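Asker: When you get a sec, could you give me coordinates for this:
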Amino acid sequence: MKKPAAGLSVFGFVLVLAIASLLPALSEGQVARRPRAREAGVIVGILPTGPLNAITDVDGVTVGHNTVVKDDDVRTGVTAILPHSGNLFREKVPGAVFIGNAFGKLAGSTQVNELGEIETPIMLTSTLNVPRVADAVIDYMLALPGNESVQSINPLVGETNDGYLNDIRKRVVGRDGVFGAIKNARGGSVEEGTIGAGTGTVAFGFKGGIGTSSRRLPVALGGYTVGVLVQTNFGGILTINGAPVGRELGQYYLKEQLSGTNLRRGSTTNLSLSDSADGSIIIVIATDAPIDHRNLQRLAARAMMGLARTGAAGSNGSGDYAIAFSTAADLRIRMGTNTRAPGSAVLLSNEAMSPLFLAVIEATEEAICNSLFRATTMTGRGHTVVALPIDRTLEILKRHNALGR
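Answerer: You can find the predicted model right below:
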């Protein structure tokens with residue numbers, strides 16, 4: 001036993017030890033900060049990142065979280081992504097949604113693709129909370145100065161199902177949490193892992209969560225930035241930089257069936273099954289490149305290639321969605337006149353999109369890795385989902401020459 005610190009009585013020291021003994025054991029991620037993938041030596045792709053390697057590297061984009069952890073069965077939350085700090089209804093941004101597999105509840109997506117515009121913060125949450133979050137976003141938008149006569153709001157709310165760790169039927173995310181996430185949204189570094197909409201999620205059988213990454217094109221290619229934020233809650237055979245991490249860790253889709261035992265039972269979306277590929281992912285893509293709805297949809301489609309690189313199985317029970325928007329000021333749609341902001345908006349050509357496609361593929365892949373690296377072990381509803389074992393993962397990556405450039 002260490003000596004009591006100076007100034008602390010023996011009685012006080014014993015009392016501290018007694019209290020500490022009553023606290024639950026801390027997970028690896030709570031004892032020490034878990035690194036992001038790049039900090040651990042995992043370099044994804046060839047393009048440089050932005051300064052923060054986050055969606056907030058796209059100028060004006062902010063992110064906020066509200067996390068709800070209480071009792072032994074509530075592990076959920078909400079995450080807000082704001083394209084700019086102004087009134088989004090009065091200054092809409094070009095946007096698009098691409099659907100990889102539509103087993104999900106992405107509220108507001110049809111209007112986004114019909115009009116090519118996003119007019120509210122983009123919200124991520126738990127499946128059964130979507131209507132409550134949408135209702136709160138409507139309240140928030142209607143109350144903004146300048147929206148006094150507005151009679152239609154199209155909230156854009158994505159979800160994944162956190163029902164294994166969270167009592168999803170309680171639907172605890174409401175107005176206060178939504179307002180908190182939006183009002184607390186900030187630029188700068190983004191909190192990742194077991195937070196906000198990623199609090200109760202599971203990815204590849206390990207603890208999933210929120211992850212982000214960015215890529216910045218060279219000046220010769222326009223110098224544009226692409227930022228990605230993901231909410232991971234899906235399965236497959238985890239692959240990092242081409243290395244078969246999930247297979248070598250012994251946790252992957254169809255493991256039991258391939259080994260001759262069949263443990264499947266109950267719902268096909270039961271995330272308690274270590275070999276399940278069901279779940280969902282929401283991928284939010286921001287860029288400052290001047291591109292409209294059509295090319296934003298093409299950009300969003302490439303995010304699925306980044307998802308595939310990580311070993312996602314694209315199962316029947318997975319909702320795989322990508323939401324993309326441009327922050328280019330000249331492309332904003334002004335409410336009232338239904339015209340774009342003053343300026344000479346020049347859209348990128350189709351040929352100029354290829355480097356941006358690679359940027360979103362790489363940023364999506366790395367954002368997913370970050371969601372796993374930063375997530376911490378979580379217990380809820382009597383279940384425990386462990387965090388990705390970083391040391392063992394790095395050993396596998398080293399063995400496969402998948403670390404560094």
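
Asker: Checking Gly246 next. Helix, strand or coil?
Answerer: helix (DSSP: H, G, I helix; E, B strand; the rest coil).

Asker: excluding its backbone neighbours, what's nearest it?
Answerer: The shortest distance from Gly246 to any non-neighbouring residue, by Cβ to Cβ, 6 or more residues apart in numbering, is to Leu238 (3.2 Å). C-beta here means a position set from N, CA and C on the backbone, and glycine is covered the same way.

Asker: how near is that neighbour to Gly250?
Answerer: 11 Å (Cβ to Cβ, to the nearest Å).

Asker: Among those two, which residue is more densely surrounded?
Answerer: Leu238 (28 against 9; other Cβ atoms under 10 Å).

Asker: Quickly list what Ile282 is bridged to.
Answerer: Gln231, Tyr321 (DSSP bridges).

Asker: Could you report the neighbour count for it?
Answerer: By other Cβ under 10 Å, neighbour count at Ile282 equals 27.

Asker: got a list of what the residue nearest to Gly246 touches?
Answerer: 204, 206, 245-246, 249, 251-252, 310-311, 372, 388 (Cβ atoms under 8 Å, 6 or more residues apart in numbering).

Asker: Take those residues and keep only those in strands.
Answerer: The strands, defined by DSSP state E, take in Phe206 from the contacts of Leu238.

Asker: The contacts of Leu238 into a markdown table, with extra columns for neighbour count?
Answerer: Below are the contacts of Leu238 laid out as a markdown table (neighbours: other Cβ atoms under 10 Å):
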| residue | neighbour count |
| --- | --- |
| Phe204 | 30 |
| Phe206 | 25 |
| Val245 | 29 |
| Gly246 | 25 |
| Leu249 | 17 |
| Gln251 | 19 |
| Tyr252 | 24 |
| Thr310 | 29 |
| Gly311 | 22 |
| Leu372 | 27 |
| Leu388 | 28 |
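
Asker: Reformat the contacts of Leu238 as CSV; add pLDDT and distance to Leu156.
Answerer: Shown next, in CSV, are these (pLDDT from 0 to 100; distance: Cβ to Cβ, whole Å):
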residue, pLDDT, distance to Leu156
Phe204, 96, 27
Phe206, 97, 28
Val245, 98, 33
Gly246, 96, 32
Leu249, 96, 35
Gln251, 93, 33
Tyr252, 93, 33
Thr310, 98, 24
Gly311, 97, 28
Leu372, 98, 26
Leu388, 98, 30
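
Asker: closest to Asp278 among the contacts of Leu238?
Answerer: Phe204 (12.0 Å; Cβ to Cβ).

Asker: Was I right to think Gly311 contacts Ile237?
Answerer: Yes - counting by Cβ atoms under 8 Å, Ile237 is a contact partner of Gly311 at 4.2 Å.

Asker: Which pLDDT value does the model give Gln30?
Answerer: Here, the pLDDT recorded for Gln30 equals 43.

Asker: my bad, Met378
Answerer: Taking Met378 on its own, its pLDDT is 97.

Asker: What of Asp278?
Answerer: For Asp278, pLDDT reads 86.

Asker: Any chance of a markdown table for the contacts of Leu238, columns distance to Ala185?
Answerer: Shown next, in a markdown table, are the contacts of Leu238 (distance: Cβ to Cβ, whole Å):
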| residue | distance to Ala185 |
| --- | --- |
| Phe204 | 29 |
| Phe206 | 28 |
| Val245 | 33 |
| Gly246 | 33 |
| Leu249 | 35 |
| Gln251 | 34 |
| Tyr252 | 36 |
| Thr310 | 27 |
| Gly311 | 31 |
| Leu372 | 24 |
| Leu388 | 27 |
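
Asker: What is the nearest of the contacts of Leu238 to Ile46?
Answerer: Using Cβ to Cβ, Thr310 is the member of the contacts of Leu238 that lies nearest Ile46, at 17.2 Å.

Asker: Would you mark the buried spots in the strand or helix carrying Glu256?
Answerer: In this structure, Glu256 sits in helix 255-258 according to DSSP states H and E. Buried residues in helix 255-258, counted by 16 or more other Cβ atoms under 10 Å: Lys255.

Asker: mind listing the strands for the stretch 301-405 of the chain?
Answerer: Along the stretch 301-405 of the chain, the segments classed as strands by DSSP state E, counting those that start in this stretch run 318-326, 333-334, 339-340, 378-380, 383-385.

Asker: got a list of what Val74 touches?
Answerer: 68, 166-167, 170, 172, 380.

Asker: Packing partners of the one helix or strand Asn101 maps to?
Answerer: Element membership for Asn101 (DSSP H and E) is strand 91-102. Here strand 91-102 is seen to pack against helix 109-115, strand 117-118, helix 293-309, strand 318-326, strand 333-334 when contacts are counted using 3 or more Cβ pairs under 8 Å, 6 or more residues apart in numbering; DSSP states H and E.

Asker: for the chain, what's the longest helix?
Answerer: What stands out as the longest helix in the chain, according to DSSP state H, is helix 354-374.

Asker: any idea of the angle the host helix or strand of Thr76 forms with strand 318-326?
Answerer: Element membership for Thr76 (DSSP H and E) is strand 74-82. Here the directions of strand 74-82 and strand 318-326 differ by 30 degrees (axes from the mean of the first three to the mean of the last three Cα atoms, to 10 degrees).

Asker: in its sheet, what does strand 74-82 sit against?
Answerer: strand 62-70 (antiparallel), strand 122-126 (antiparallel).

Asker: Thank you kindly, that will do.
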